[in-house]
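1. Got a sequence here, can you model it:
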Amino acid sequence: MTRVRRLVRWATRLYPRWWRQRYGAELDALLDDVDLRWRDIGSIVRGGMLMRLTRPAPTYVVSRKGQVRRAVPLVLAAVAALQVGAILAVAGTVARGAGPLPTSAAGLPPSGATARGDLAASPRRGELVDVELPGSAVRVPTWVVYPEQSRAPVVMVVHDLYGLSDWVRSVADAFAAEGFVAVAPDLLKGMAPDGGDGRFFIDGMRIAPTVNAIGARVRTSRLDAVRTWALGLPAAEGRVGIVGFSWGGAASLAYASEQPELDAVVVFYGAVPGNESDYGRIAAPVLGLYGGDLPTAATVSRTTEAMAAAGTSYEAIVYEGATVFLKAQEGLAANRRATKDGWPRTLAFLREHLGN
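-> Prediction:
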């Protein structure tokens with residue numbers, strides 16, 4: 001673990017205890033999943049200070065009332081604490097060394113904390129390929145992992161807000177271990193304001209507007225290109241499913257309304273299309289898995305009714321008390337329970353509709 005990573009993780013203690021208990025594992029997963037820079041410390045400190053200043057209720061809603069009055073002493077305390085923390089982090093790194101990378105328990109998919117270790121230990125062949133986008137000079141970077149058998153159905157893995165991270169690569173590897181050709185495209189490549197790769201690290205103030213600005217036409221064209229390329233692989237058996245996480249879950253379901261030749265869709269805690277008329281254009285069966293402590297869980301009842309009215313196969317499971325459970329298995333017991341149920345349920349669903 002680098003000095004920056006240790007210091008940033010230490011700085012998360014600025015967040016209130018209730019927030020760290022509920023969402024700390026998700027933040028830890030992100031810290032393990034990205035290439036941190038020193039400036040990311042500012043994002044962590046800013047977020048923790050805002051939570052302390054505003055004292056919000058245990059929800060995602062934050063009020064700014066009263067924050068100015070409490071700002072000065074907290075800023076001074078935070079600066080002093082970070083100075084001490086920096087010294088301790090550097091000393092700890094020198095004393096302890098990097099240490100072994102943690103790996104997932106048998107039968108469980110990778111979390112943000114175990115992604116790097118799982119990738120390092122994987123015996124499967126994975127490679128990064130630039131997929132051509134018809135009629136454009138743009139290439140879509142795509143991570144592909146091959147299973148042991150010579151031919152297998154394809155699973156497209158669509159990332160969350162943070163792009164083609166180590167965690168997404170490791171999840172793709174886990175699908176390959178279960179007998180699928182796994183392909184994970186980077187839909188953020190070139191979409192950053194400066195034309196970069198969109199790696200905004202942990203600063204949600206910058207990444208969310210950029211990702212949400214990706215239009216349906218761009219998303220569909222990139223996913224279509226990757227789907228067509230994947231079907232042309234010698235190892236591809238012919239059926240294609242798609243699995244998406246958070247923003248990628250919403251993108252996967254929206255893509256299913258545009259691509260009638262998908263064979264299965266799995267949505268992990270992603271939002272549903274706002275226009276219910278889109279539901280009738282989804283030909284593939286859909287499995288939706290939601291954390292009960294996320295806002296998207298509130299949409300399940302309405303979506304179930306709309307899907308049924310449209311004649312679309314839709315099964316939804318809400319795990320009470322859970323958040324983004326696959327990525328953040330550690331911390332909340334509800335996240336671990338949801339992962340232990342949701343992962344085998346996902347595999348069974350894909351095998352039913354794709355074959356294996």
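2. what about the strands in the stretch 101-250 of the chain?
-> Counting by DSSP state E, counting those that start in this stretch, the stretch 101-250 of the chain has strands at residues 126-132, 139-145, 152-158, 181-185, 236-245.
3. how about the ones you listed in CSV, adding distance to residue 297, mean pLDDT and mean neighbour count?
-> The C-beta positions use only the backbone N, C-alpha and C, and glycine is treated the same way. Converted to CSV, the strands of the stretch 101-250 of the chain look like this (distance: least, CB to CB, whole Å; pLDDT from 0 to 100; neighbours: other CB atoms under 10 Å):
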stretch, distance to residue 297, mean pLDDT, mean neighbour count
strand 126-132, 33, 96, 14
strand 139-145, 29, 96, 21
strand 152-158, 20, 98, 26
strand 181-185, 25, 98, 27
strand 236-245, 15, 96, 23
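4. Would you mind reformatting these (as JSON lines) and adding columns for distance to residue 280 while you're at it?
-> Formatted as JSON lines, those follow (distance: least, CB to CB, whole Å):
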{"stretch": "strand 126-132", "distance to residue 280": "30"}
{"stretch": "strand 139-145", "distance to residue 280": "29"}
{"stretch": "strand 152-158", "distance to residue 280": "22"}
{"stretch": "strand 181-185", "distance to residue 280": "27"}
{"stretch": "strand 236-245", "distance to residue 280": "19"}
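5. for these, which one sits closest to residue 343?
-> Within the strands of the stretch 101-250 of the chain, the stretch nearest residue 343 is strand 236-245; the backing value is 11.0 Å (CB to CB).
6. tell me which strands and helices that closest one is in contact with?
-> strand 152-158, helix 166-177, helix 216-231, helix 247-256, strand 264-268, helix 333-354 (3 or more CB pairs under 8 Å, 6 or more residues apart in numbering; DSSP states H and E).
7. Paired strands for that strand, with orientation please.
-> strand 152-158 (parallel), strand 264-268 (parallel) (DSSP bridges).
8. Let me see the mean pLDDT of the last one.
-> It refers to strand 264-268. For strand 264-268, mean pLDDT rounds to 98.
9. One more: stretch 105-118?
-> 92.
10. now the end-to-end length of that stretch.
-> Start-to-end span of stretch 105-118 (CA to CA, to the nearest Å) is 10 Å.
11. Quick check: buried residues in that stretch?
-> Residues of stretch 105-118 classed as buried: 108, 109, 110, 111, 112, 113, 114, 115, 116, 117, 118 (neighbour count, 16 or more other CB atoms under 10 Å).
12. before we move on, what about stretch 249-269?
-> 249-259, 262-269.
13. Pull it out as CSV, backbone CA atoms only.
-> Provided in CSV are the C-alpha atoms of stretch 249-269 (Å, rounded to 0.1, in the frame of the first residue of the first chain):
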residue,chain,number,x,y,z
GLY,A,249,-26.6,-1.0,-14.6
ALA,A,250,-28.7,1.9,-15.9
ALA,A,251,-26.7,2.0,-19.1
SER,A,252,-27.2,-1.8,-19.6
LEU,A,253,-31.0,-1.6,-19.2
ALA,A,254,-31.2,1.4,-21.5
TYR,A,255,-29.1,-0.4,-24.0
ALA,A,256,-31.4,-3.4,-23.8
SER,A,257,-34.2,-1.2,-25.0
GLU,A,258,-32.1,-0.3,-28.1
GLN,A,259,-30.6,-3.7,-28.8
PRO,A,260,-33.3,-6.5,-29.2
GLU,A,261,-30.7,-9.2,-29.8
LEU,A,262,-29.4,-9.3,-26.3
ASP,A,263,-30.2,-12.6,-24.6
ALA,A,264,-30.0,-11.6,-20.9
VAL,A,265,-29.6,-8.5,-18.8
VAL,A,266,-28.5,-8.2,-15.1
VAL,A,267,-28.7,-4.8,-13.4
PHE,A,268,-26.8,-4.2,-10.1
TYR,A,269,-28.4,-1.3,-8.3
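14. No further questions, thank you.
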